[in-house]
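In: Fold the following for me, if possible:
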Amino acid sequence: MIKTSIFNKTNDEADRVCACVLIQNVSSEVRPVWYVFAGMGTQWSQMGRDLMSLECFRESIMRSDAVLRPYGVQLCDIIMHSTEDTFKNIVNSFVGIAAIQVNCHSSVLTMHIFSNLF
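Out: Below is the predicted model:
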């Protein structure tokens, strides 16, 4: 067993929180994979921007963008260039959140990570 400490910085540099984590050997048994989608209210816009660095996610978003453009929705623009004003339009909010979730799922499937529970 290895004992380690993780320090999380908050907004105030002087305020540090220490969490101790116990790391143990694990068995090699295959464990179930679950997909959990946080849903509405998550901070999806920054997460979407960060995920665009993954090729499989970016390609999936680009495909979704192409499907949505004829309907006047520019998904890539919503994800990459959103501002607070972007989300005053409820369509942008709902489309953005749903697209992040759908494309996260598509990306994990592309990486051959499959749920074996359903």
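
In: Strands of this protein, start to end?
Out: Along the chain, the segments classed as strands by DSSP state E run 2-9, 16-23.

In: mean pLDDT for those strands: which is lowest?
Out: Lowest mean pLDDT of the strands of the chain: strand 2-9, a mean of 46.

In: Excluding chain neighbours, give the residue nearest to the spatially most central residue of the chain in space.
Out: Nearest to the mean C-alpha position of the chain, by C-alpha atoms, centre = their mean, lies residue 47 at 5.0 Å. Among residues not flanking residue 47 along the chain, residue 100 sits closest, at 6.5 Å (C-beta to C-beta, 6 or more residues apart in numbering). For the C-beta atoms, the positions are set from N, CA and C on the backbone; glycine is no exception.

In: do residue 117 as well
Out: residue 32 (5.5 Å).

In: Now the phi/psi pair for residue 37, please.
Out: When read as degrees, to the nearest 10, the backbone of residue 37 gives phi -110, psi 120.

In: can you list the weak-confidence ranges in the chain?
Out: The model of the chain has pLDDT under 70 over residues 1-21, 39-44, 118.

In: report the longest helix in it, please.
Out: Ranked by residue count, the top helix of the chain under DSSP state H comes out as helix 90-110.
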